[in-house]
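Asks: with the input below, show me the fold.
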Amino acid sequence: MATTYERVYVDDQGESHFETVEVKFREVDYAPPADPMFLSDLEDAARFGFVMAAPGPLGAWHPTPVRQYVIPVTGEFEITVGDGSKRLFGPGRPVLLEDRTGKGHYTRMVSEEPTVVAVIHLPD
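Replies: Next up, the predicted model:
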């Protein structure tokens, strides 16, 4: 059993790109006495919070301020990376932002209502 998420990273020339990452699961007794569940590898997290943004562009091109997972809760946003690729992210579709250097990426909120995302900051 597996699922995927998108990763935004920067290459040696400072250009950002998407990479599709496969998440693998294994069956474990995660919360006994509940039935066994499927669990991915766990990662350390530093901070967690929510961000809300108005419809439209999120300013100019920018690198991510920290390594972070961004998981839409409501609304949709589109990310464009340096190689011209675009991806749309809606509720429950996470993206891992790791493009901390270079030009970064461009973000546009495409929903008519404000978009709310959960952010999970990762340690360096």
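Asks: how about the residue nearest to the spatial centre of the chain, phi and psi?
Replies: What sits nearest the mean C-alpha location of the chain, by Cα atoms, centre = their mean, is residue 95, with 2.0 Å. Backbone torsions for residue 95, taken as degrees, to the nearest 10, come to phi -140, psi 140.
Asks: ok, now which ones touch it?
Replies: Each residue near residue 95 by Cβ atoms under 8 Å, 6 or more residues apart in numbering is listed here: 5-8, 69-71, 79, 87, 89. (Each C-beta comes from the backbone N, C-alpha and C, glycine too.)
Asks: now it, which residues is it bridged with?
Replies: residue 6, residue 70 (DSSP bridges).
Asks: surely residue 107 touches residue 56?
Replies: No. Between residue 107 and residue 56 there is no contact under Cβ atoms under 8 Å: 10.1 Å.
Asks: the two: which is more packed in?
Replies: For residue 107 versus residue 56, the count of surrounding residues by other Cβ atoms under 10 Å is larger for residue 107: 21 against 10.
Asks: just checking, residue 77 touches residue 115?
Replies: Yes. If you go by Cβ under 8 Å, residue 77 and residue 115 touch, sitting 5.4 Å apart.
Asks: intersection of neighbour lists for these two?
Replies: 53, 109.
Asks: just give the nearest non-adjacent residue to residue 24, would you?
Replies: Of all residues not flanking residue 24 in the chain, residue 2 sits nearest, at 5.3 Å (Cβ to Cβ, 6 or more residues apart in numbering).
Asks: try residue 100
Replies: residue 63 (5.3 Å).
Asks: count of residues packed around the residue nearest to residue 24?
Replies: Neighbourhood size, residue 2 [other Cβ under 10 Å]: 9.
Asks: residue 38: neighbouring residues, count only.
Replies: 13.
Asks: what pLDDT does it get?
Replies: pLDDT for residue 38: 96.
Asks: how close does the nearest residue to it once chain neighbours are set aside get to residue 94?
Replies: Distance criterion Cβ to Cβ, 6+ apart; nearest residue to residue 38, sequence neighbours excluded, is residue 25 at 3.8 Å. Computed as Cβ to Cβ, to the nearest Å, the residue 25 to residue 94 distance reads 15 Å.
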